[in-house]
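Colleague: I'll drop the sequence and a predicted model, then ask my questions.
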Amino acid sequence: MATQIHLDEIARVGALRRYDILDTPREQEFDDVVDIARRVCGTSMALINFIDADRQWFKAEVGFGVDESPLEMSICALVFRTADFTEIPDTLADPRFRDNPLCSAEPGLRFYAGATLRTADGYPIGSLCVLDYAPRTLDALQRDTLRLLAAQVMRQLDLRAALVREALLRREIDHRVKNSLQTVGAFVRLQRNDPSGDVNDKMLAVERQIASVATLHDLISEVDDDWLDLGEYLDRLTRQLAVIAPSGVAVTGSFESLFGPAAAATALGTINNELVANALKHSFDEGFGGQITLTGSVGEDGTYAIACNDDGLRVAEAPAPATPARVGLGLRVIQAAIRKVNGTLTGGPVAGGYRSLLSFPAPSR
């Protein structure tokens, strides 16, 4: 049980510190809250306090005169975990506080009422409280006012946290877009400087690269961190490739889930593009249709395998994809992407067509 309490306290303090509110300057929004609380309740003091790991810190206070106090003398630190609202009419009549120097000294704190500041996931991080030097009680309206003001404090904290997350996300998206545009730009320069191939093939290659980047950004926008389902990404990308494939050539895909970083997705998208491009270029004569099928599966040894199978007519002429005879510029592009995922690529004719196989270790955090 002691271990569980310890773990809960670590999580609670972590929840508090994620708001990044500790040791920030005084602000009018919070000062107004404690002023209203003190006036409505008719007390000498009002505080917005946060209970850190080793101290009680005040974001706003009126009548108390200090910015923080030790936890061992804090009334809030003793009661805020167990109730959403606590009222102590006379601290000296409560055995928990009669020996507390803040209560027993003259003039001592004799009255306390506090509404807990609780996060959306249930962690108590502090309180909005009022205190006085004489015993007393609050009426129903005063208690409700404290609760409403405490809720307002939490809404303010949550709004600020959301704005910070939005700003960070916007900077991250800007960074990703910049990197993606640089990637596409580098790919375009490679295509432009390649003396082989016709313009149409090069434009199709650029279109496939743009499709992979756009698909990756769509998926990243749906997740909370840098890791995403690489299988889902390759599924979506393959559907995009099917749209821009030549008439008569069907491109389909089916990929098992595999979670990994966005950098791995970029490399796998490039590999996927090149596998399809190679199949179209080397296995299908113009005007002839067929099927290109991509699959992804997790092996028992912790590797992930992506297979590209086609049923083109020229399979007997097509050398393995890892040889320079199969691809020129495409070889350099795909080899660089393979190195990024520590993978290996093999290929050769199979019954009814040609098969390329990429194997790489499943990513781990």
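Modeller: Ah, there it is. Bear in mind that the values here come from a model prediction, so they are computed numbers and not experimental data.

Colleague: pLDDT wise, what is the closest residue in space to R12 that isn't next to it in sequence at?
Modeller: The shortest distance from R12 to any non-neighbouring residue, by CB to CB, 6 or more residues apart in numbering, is to Y123 (4.6 Å). For the C-beta atoms, the positions are set from N, CA and C on the backbone; glycine is no exception. For Y123, the pLDDT comes out at 91.

Colleague: Now do Y123 against A53, distance only.
Modeller: Remark: distance between Y123 and A53 (CB to CB, to the nearest Å) = 13 Å.

Colleague: Of those two, which one has the most company?
Modeller: More crowded of Y123 and A53, by other CB atoms under 10 Å: Y123, with 18 against 12.

Colleague: what are the phi and psi values for the residue nearest to R12?
Modeller: Note on Y123: backbone dihedrals following degrees, to the nearest 10 are phi -90, psi 130.

Colleague: Look up how far C129 lies from it.
Modeller: Using CB to CB, Y123 is found at 18 Å from C129.

Colleague: With S364 as the reference, measure out to the residue of the chain most remote from its centre.
Modeller: For the chain, the largest distance from the centre (CA atoms, centre = their mean) belongs to E106, which lies 51.7 Å off. As judged by CB to CB, E106 and S364 stand 63 Å apart.

Colleague: Please apply the same query to A262.
Modeller: 15 Å.

Colleague: What of V341?
Modeller: Distance of V341 to S364, given as CB to CB: 13 Å.

Colleague: pLDDT at the spatially closest residue to D310 that is not a sequence neighbour, what is it?
Modeller: Distance criterion CB to CB, 6+ apart; nearest residue to D310, sequence neighbours excluded, is A279 at 4.2 Å. Predicted confidence (pLDDT) at A279: the value is 84.

Colleague: Kindly report the same for S257.
Modeller: At S257, pLDDT is 93.

Colleague: and it, how many neighbours does it have?
Modeller: S257, neighbours per other CB under 10 Å, totals 11.

Colleague: From what I see, it and G231 are in contact.
Modeller: Yes: with contact defined as CB atoms under 8 Å, S257 and G231 form a contacting pair (4.5 Å).

Colleague: quick one: which of A262 and S364 has more around it?
Modeller: Neighbour tally, A262 and S364, criterion other CB under 10 Å: the higher count belongs to A262, 20 against 7.

Colleague: and L294, what is it in contact with?
Modeller: By CB atoms under 8 Å, 6 or more residues apart in numbering, the contact set of L294 is 234, 238, 251-255, 272, 275-276, 306-309.

Colleague: Kindly recompute the last result at 10 Å.
Modeller: Each residue near L294 by CB atoms under 10 Å, 6 or more residues apart in numbering is listed here: 234-235, 237-238, 241, 251-255, 272, 275-276, 279, 306-310, 356.

Colleague: ranges for the strands of the stretch 1-150 of the chain?
Modeller: 45-51, 56-62, 68-69, 85-88, 111-118, 124-132 (DSSP state E, counting those that start in this stretch).

Colleague: ok, the shortest one: who's next to it in the sheet?
Modeller: What that stands for is strand 68-69. Here strand 68-69 is paired, per DSSP bridges, with strand 56-62 (antiparallel).

Colleague: Buried residues of the partner strand, list them for me.
Modeller: Buried residues in strand 56-62, defined by neighbour count with 16 or more other CB atoms under 10 Å: 56-62.

Colleague: Can you name the secondary structure element that comes next after the worst-scoring helix or strand of the chain on mean pLDDT?
Modeller: Here the helix or strand of the chain ranked lowest by mean pLDDT, DSSP states H and E is helix 199-220, holding a mean of 54. Per DSSP states H and E, the first helix or strand lying C-terminal to helix 199-220 is strand 227-229.

Colleague: Common neighbours of Y123 and A53, please.
Modeller: Between them, Y123 and A53 share the contacting residues 9, 12-14, 16, judged by CB under 10 Å, 6+ apart.

Colleague: Average pLDDT for stretch 42-54, rounded please.
Modeller: 93.

Colleague: what about dumping the CA coordinates of stretch 13-22 to PDB?
Modeller: Extracted in PDB, the C-alpha atoms of stretch 13-22 (Å, rounded to 0.1, in the frame of the first residue of the first chain):
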ATOM      1  CA  VAL A  13       3.100  16.200  -8.600                       C
ATOM      2  CA  GLY A  14       3.700  15.400 -12.300                       C
ATOM      3  CA  ALA A  15       0.100  16.500 -13.100                       C
ATOM      4  CA  LEU A  16       0.700  19.800 -11.300                       C
ATOM      5  CA  ARG A  17       4.000  20.500 -13.000                       C
ATOM      6  CA  ARG A  18       2.600  20.000 -16.400                       C
ATOM      7  CA  TYR A  19       0.600  23.200 -15.900                       C
ATOM      8  CA  ASP A  20       4.000  25.100 -15.600                       C
ATOM      9  CA  ILE A  21       2.300  27.400 -13.100                       C
ATOM     10  CA  LEU A  22       4.800  27.200 -10.100                       C
END
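
Colleague: Noted, bye for now.
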